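Chemist: Here is my input; please provide its structure:
(2 chains)
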Amino acid sequence: METNLLDKMLGSYLSQKTPVTIVLQNNNRISGRIKMFDSYVIIMENQKNEIVYRHAVSSLLPALHADQVHQPREQKGVPAKPASRPAPKAANYPKQAAAKARPSRPAPKAAAAAAASDPGLSNSMKEGLLRWMQEQKAGK
Amino acid sequence: MEAATHAIEPQFLSQALAQGTKLRIGQMSKSEHEGIIREIGRYEINIEEKNHIITLLKKDISYISTPAPLILSPPPASVEKTSPPTSGSAEAVSAKPNIQQEFLDKAIRENQVLTIFLITGQRIRATIDAYDNFTVLVQEGGKQHLFYKHAITTINR
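Modeler: The predicted model follows:
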């Protein structure tokens, strides 16, 4: 068992200068190259030269990959999410939709997949999102 | 006192690594990953999803699901420990009952169907196969799920 896999991965991304995306626990994403890191923080090399606390990191992935992986995930994740942070989502969607064609994902799959997801919570949001997606598709 | 409890989580992860099982991993933010385990660390795991390696921190994982059970026979250790602690001199502190352990042991012994609520608001009805200090292994509809306790709010009978 690797004792510190994150250090290892950060080290290899640092030495290969791979653009990465760091996903934080609040689901924010930070992209850029890794400038340096220690056991508590990571300094990113992008326009803002952000310093990221490692205790807030949820996952780490190569940036090229970010679009492909997160599109289906976000679709699935969004309907169930609490309505407290709509702003970043609104900003994200048009960009992603423009970037590439969305794979059409039937709603029942999402429902079945999250075997445990709360049904009553999110129906209206889900419907709104579906409608929005259809409009986007029709618009193209 | 916890020594007898099997470490379920490492066993589960290394099984998944050995068998190359496709796992579904839920995160605290309700997003999901689907991929194959590549490396196991102490605080993080690497999974391969669509030919890319993603590092996921365990503290942000709420559950890991497999399509088929990975650990078949629950280790006997957690079942045997149901008798109340004897007044051994070595275990003076264990006079205090371990409520969680008793609850989970009873559920395993009687094969109870429990409802587990997560802090993400998700819920699942399942039977408990085993548990360790940080995780609970449950079975539901032929699937096996490893829930991290840090993602659980309540367990109801």
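Chemist: Without its sequence neighbours, what residue ends up closest to residue 40?
Modeler: Because you didn't say which chain, this covers chain A. A:Arg54 (5.8 Å; C-beta to C-beta, 6 or more residues apart in numbering or on different chains). C-beta coordinates here come from the backbone N, C-alpha and C atoms, glycine included.
Chemist: wrong one, I was asking about chain B
Modeler: That would be B:Leu13: by C-beta to C-beta, 6+ apart, it lies 4.9 Å from B:Ile40.
Chemist: any low-confidence regions in chain A?
Modeler: A:1-2, A:64-123, A:140 (pLDDT under 70).
Chemist: Near the closest residue to chain B within it, how many other residues are there?
Modeler: For chain A and chain B, the shortest gap (C-beta to the nearest C-beta) falls at A:Leu5, measuring 2.9 Å. Residue neighbour count, defined by other C-beta atoms under 10 Å in any protein chain shown, stands at 23 for A:Leu5.
Chemist: Ignoring the adjacent residues along the chain, who's closest to B:Arg38?
Modeler: That would be B:Asn46: by C-beta to C-beta, 6+ apart, it lies 4.5 Å from B:Arg38.
Chemist: Dump whichever strand or helix holds A:Glu135 to PDB, restricted to CA.
Modeler: For A:Glu135, the host element (DSSP states H and E) is helix A:119-139. In PDB, the C-alpha atoms belonging to helix A:119-139 read as follows (Å, rounded to 0.1, in the frame of the first residue of the first chain):
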ATOM      1  CA  PRO A 119     -36.800  11.300  -5.200                       C
ATOM      2  CA  GLY A 120     -38.900  14.100  -3.900                       C
ATOM      3  CA  LEU A 121     -36.100  16.600  -3.400                       C
ATOM      4  CA  SER A 122     -35.100  17.300  -7.000                       C
ATOM      5  CA  ASN A 123     -37.900  16.600  -9.500                       C
ATOM      6  CA  SER A 124     -38.600  20.100 -10.500                       C
ATOM      7  CA  MET A 125     -34.900  20.900 -10.900                       C
ATOM      8  CA  LYS A 126     -34.400  17.800 -12.900                       C
ATOM      9  CA  GLU A 127     -37.300  18.700 -15.200                       C
ATOM     10  CA  GLY A 128     -36.000  22.200 -15.600                       C
ATOM     11  CA  LEU A 129     -32.600  20.900 -16.500                       C
ATOM     12  CA  LEU A 130     -33.900  18.400 -19.000                       C
ATOM     13  CA  ARG A 131     -36.000  21.100 -20.700                       C
ATOM     14  CA  TRP A 132     -32.900  23.400 -20.800                       C
ATOM     15  CA  MET A 133     -30.800  20.600 -22.300                       C
ATOM     16  CA  GLN A 134     -33.400  20.000 -25.000                       C
ATOM     17  CA  GLU A 135     -33.600  23.600 -25.800                       C
ATOM     18  CA  GLN A 136     -29.800  23.700 -26.200                       C
ATOM     19  CA  LYS A 137     -29.900  20.700 -28.400                       C
ATOM     20  CA  ALA A 138     -32.700  22.200 -30.500                       C
ATOM     21  CA  GLY A 139     -30.800  25.500 -30.800                       C
END
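Chemist: Tell me the helices and strands packed up against it.
Modeler: helix A:63-80, helix A:107-113 (3 or more C-beta pairs under 8 Å, 6 or more residues apart in numbering or on different chains; DSSP states H and E).
Chemist: isn't B:Glu49 right up against B:Ile37?
Modeler: No: B:Glu49 lies out of contact with B:Ile37 (C-beta atoms under 8 Å); the separation is 10.7 Å.
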